[in-house]
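Novice: I'd like to go over a predicted model; first the sequence, then the structure.
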Amino acid sequence: MKKASDILKLLQNQPQLSKLSSFACIKKIQSALNKPLQKMVKFAYIKNNTLFFVLNHPGAKQEFDNNIQSIKSALNMVKPQECAHMQIKDIKAFVSHTPNATVSLVEPKPPQRYKERSSGSFEIQVIKNPQLRNIAQTIQTIIKAQNDT
């Protein structure tokens, strides 16, 4: 009986599923990075023999740029088995400023309503402006109507 990993390797070697092997190569290279830098990588892809890392923070790009030469030299000396069929000539990184799409399975709670604590017995005579006085009187009548019910 074949193992699942054997079946996946067999599928990766088929021409119509060649993208699977490139993803395996990317994951192998990404696992060689240090843990904090791994957490800041959103995703990676290969285009025109260039490996692109999309990062989620400008500090991660600066850290990645500091380590990029050591990553390139390590890939030239010891190429992972998953990357044997690929030629990665360059490695680049950039920062994506698009927010992560999060799917919420919990419905949002309705806004919390509080019972009106005022009884509507406040003085309006201190307000000199007639427009403001009218607004205050309408607020007072609304509060009194809510307390009556």
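Specialist: Ah, there it is.

Novice: So A145 versus S21, what's the distance?
Specialist: Between A145 and S21 the distance is 72 Å, computed by C-beta to C-beta, to the nearest Å. For every residue, glycine as well, the C-beta is placed using N, CA and C.

Novice: quick one, domains of the chain?
Specialist: With automatic domain parsing as the criterion, the domains of the chain are listed as 11-95, 116-149.

Novice: Out of the ones you listed, flag the one nearest V106.
Specialist: When the domains of the chain are ranked by proximity to V106, the top entry is domain 11-95, at 24.3 Å, counting by C-beta to C-beta.

Novice: Quick one: mean pLDDT over the closest one.
Specialist: In this model, domain 11-95 has a mean pLDDT of 83.

Novice: same check, this time on stretch 128-136
Specialist: The predicted model assigns stretch 128-136 a mean pLDDT of 91.

Novice: Buried residues, it. List them.
Specialist: With burial defined by 16 or more other C-beta atoms under 10 Å, the residues of stretch 128-136 counted as buried are A136.

Novice: Let me have the domains of the chain in CSV, extended by distance to L105.
Specialist: CSV is the format used below for the domains of the chain (distance: least, C-beta to C-beta, whole Å):
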stretch, distance to L105
domain 11-95, 22
domain 116-149, 35
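
Novice: what lines up beside the strand or helix carrying A93 in the sheet?
Specialist: With elements delineated by DSSP states H and E, A93 resides in strand 90-95, which encompasses its position. Partner strands for strand 90-95, per DSSP bridges, with pairing direction: strand 50-55 (parallel).

Novice: and after the strand or helix carrying D6, which helix or strand comes next?
Specialist: For D6, the enclosing helix or strand under DSSP H and E is helix 4-12. Stepping forward along the backbone from helix 4-12, the first helix or strand reached (DSSP H and E) is helix 18-31.

Novice: Residues in contact with that following helix: which ones?
Specialist: Contacts with helix 18-31, where a contact means C-beta atoms under 8 Å, 6 or more residues apart in numbering, come from 8, 11-13, 38, 41, 44-46, 51, 53, 71, 75, 80, 82-83, 85-86.

Novice: again, only using 7 Å
Specialist: Residues lying outside helix 18-31 but in contact with it, judged by C-beta atoms under 7 Å, 6 or more residues apart in numbering, are 11-12, 38, 41, 44, 46, 51, 80, 82-83, 85-86.
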